[in-house]
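> Return a 3D structure for these sequence lines:
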Amino acid sequence: MTIWPGGAKCALTLTFDFDAETNWLSRDPANAKRPGTLSQGTYGARVGILNVLSLLREQSLKGTFFVPGWVVDNRTQRVEAIIKDGHEIGHHGYWHKWVDPDFPEQELEEMEAGLHALKSQFGIVPAGYRSPAGETSSNLIRILSEKGFLYDSSLMDSVDPYYHCLEDGSRGPVELPWHWSLDDAPFMLFSIMSPRPIFTNEHVLSIWKAEFEAIRETGGLINLVMHPQAIGRPSRMTMLRQFIEFTRGFGDVWYATCSEVAGHWARNNKFDPADCAINPFIKV
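Predicted structure coming up:
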């Protein structure tokens, strides 16, 4: 069981993938000519992100925002607002492209383009990375290590932080795992090309509460993944407020940014090369 600061029983990170229009531009460049399609992402940049920031100020909480480089370059004022409120900015690619292991050079291009956008616009060198849609590769983990990233938050193989093992058996970044059940996208985002139900607040809230309670009992990390175009809808904001108030009722939750969680965990856990033998990701 992880020892969290102040005697907390678990850690809770409120994270937001601020994709804006990249979620659609990266899937199909022709969407650039479809304002109706793109408007789903535009809502996140125009309205959703402001709603999210307002709620976090109301609750006196800091979040972690994973931002593609395109959003940094094209929705600059909104990213500036995130920074002004003191939230953490993480790397989320440039175009929000899914990783294709057959083209490792594209992984490096996306990484460097995103880093350049954050550095040139705001002077930020991010501590953490989250891959679009959780698609990653051993090559990308190696790149993160070479670039000096403290943590990654792309995989779903635990509810506790752990160290990545690189192919040579050395220590890689800290992994902060997540899961689709604690992600708003499967419940709230709709696409005509691949339609799926839109779930009620009561349904989503019941899942998030149950996941929170179970992970809290094990002393793990509740890594909540949200998107301003989804969670930023008015009724969903009400639901998020209800979830935060529910977790506060336990009185033993550490609300932290991803870099705070990864830094604390790294300071209190030594890397054990023996763990590499049971790491299924090392041979990918």
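> can we go C-alpha only for contacts and neighbour counts from here?
Noted.
> Might one say that Y94 is in contact with G69?
Yes: here Y94 reaches G69: they are 4.0 Å apart, a contact under CA atoms under 8 Å.
> what residues are shared contacts of those two?
A113, G114 (CA atoms under 8 Å, 6 or more residues apart in numbering).
> The lengthiest strand in the chain: which residues count as buried?
Ranked by residue count and defined by DSSP state E, the top strand of the chain is strand 10-17. Residues of strand 10-17 classed as buried: C10, A11, L12, T13, L14, T15, F16, D17 (neighbour count, 16 or more other CA atoms under 10 Å).
> hang on, isn't the fourth one packed against A256?
Yes: using CA under 8 Å as the test, T13 is close enough to A256 to be in contact (5.5 Å).
> anything in contact with each of the two?
In contact with both T13 and A256: G63, using CA under 8 Å, 6+ apart.
> Need the nearest residue in space to R75, chain neighbours excluded.
Using CA to CA, 6 or more residues apart in numbering and skipping residues adjacent in sequence, the residue nearest R75 is A45, 7.1 Å away.
> Relative to R78, how far out is that neighbour?
7 Å (CA to CA, to the nearest Å).
> These two: which is more packed in?
A45 (23 against 17; other CA atoms under 10 Å).
> all strands of this protein, in order?
10-17, 64-67, 88-91, 128-129, 151-152, 162-165, 171-175, 221-226, 253-255.
> Relative to D183, which of those strands is closest?
strand 221-226 (4.6 Å; CA to CA).
> which strands and helices sit next to that closest one?
strand 10-17, helix 201-218 (3 or more CA pairs under 8 Å, 6 or more residues apart in numbering; DSSP states H and E).
> At which residues are the helices of the protein located?
22-25, 35-43, 49-59, 69-74, 76-84, 104-122, 138-146, 185-188, 201-218, 228-231, 234-248, 258-268 (DSSP state H).
> Switch the ones you listed over to CSV; also include mean pLDDT and distance to G90.
What follows is the helices of the chain, written out as CSV (pLDDT from 0 to 100; distance: least, CA to CA, whole Å):
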stretch, mean pLDDT, distance to G90
helix 22-25, 76, 16
helix 35-43, 79, 19
helix 49-59, 98, 15
helix 69-74, 96, 10
helix 76-84, 98, 11
helix 104-122, 95, 9
helix 138-146, 95, 12
helix 185-188, 94, 19
helix 201-218, 98, 23
helix 228-231, 96, 15
helix 234-248, 98, 21
helix 258-268, 98, 9
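> most tightly surrounded among the ones you listed?
helix 228-231 (a mean of 26; mean count of other CA atoms under 10 Å).
> can you give me the offset of that one from its chain's centre?
13 Å (CA atoms, centre = their mean, to the nearest Å).
> Repeat that for stretch 14-32.
So, by CA atoms, centre = their mean, the centroid of stretch 14-32 is 14 Å from its chain's centroid.
> Kindly tell me how buried the closest residue to L61 other than its chain neighbours is, as a neighbour count.
Using CA to CA, 6+ apart and skipping the chain neighbours, the partner closest in space to L61 is Y255 (7.3 Å). Counted with other CA under 10 Å, residues neighbouring Y255 total 21.
> Show me what Y255 bridges to in the sheet.
On the basis of DSSP bridges, Y255 is bridged to L12.
> Contact partners for it?
Y255 neighbours (CA under 8 Å, 6+ apart): A11, L12, T13, L14, L61, K62.
> 7 Å instead, please
If you count contacts by CA atoms under 7 Å, 6 or more residues apart in numbering, Y255 has them with A11, L12, T13.
> Dump those to a markdown table, plus pLDDT and distance to H87.
As requested, the contacts of Y255 are exported to a markdown table (pLDDT from 0 to 100; distance: CA to CA, whole Å):
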| residue | pLDDT | distance to H87 |
| --- | --- | --- |
| A11 | 98 | 17 |
| L12 | 98 | 15 |
| T13 | 98 | 12 |
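> mind giving me TSV with the residues you listed and columns for distance to T37?
Shown next, in TSV, are the contacts of Y255 (distance: CA to CA, whole Å):
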residue	distance to T37
A11	36
L12	33
T13	30
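> With adjacent residues omitted, what lies nearest to W254?
W254's closest residue in space is A11 (CA to CA, 6+ apart), at 4.6 Å.
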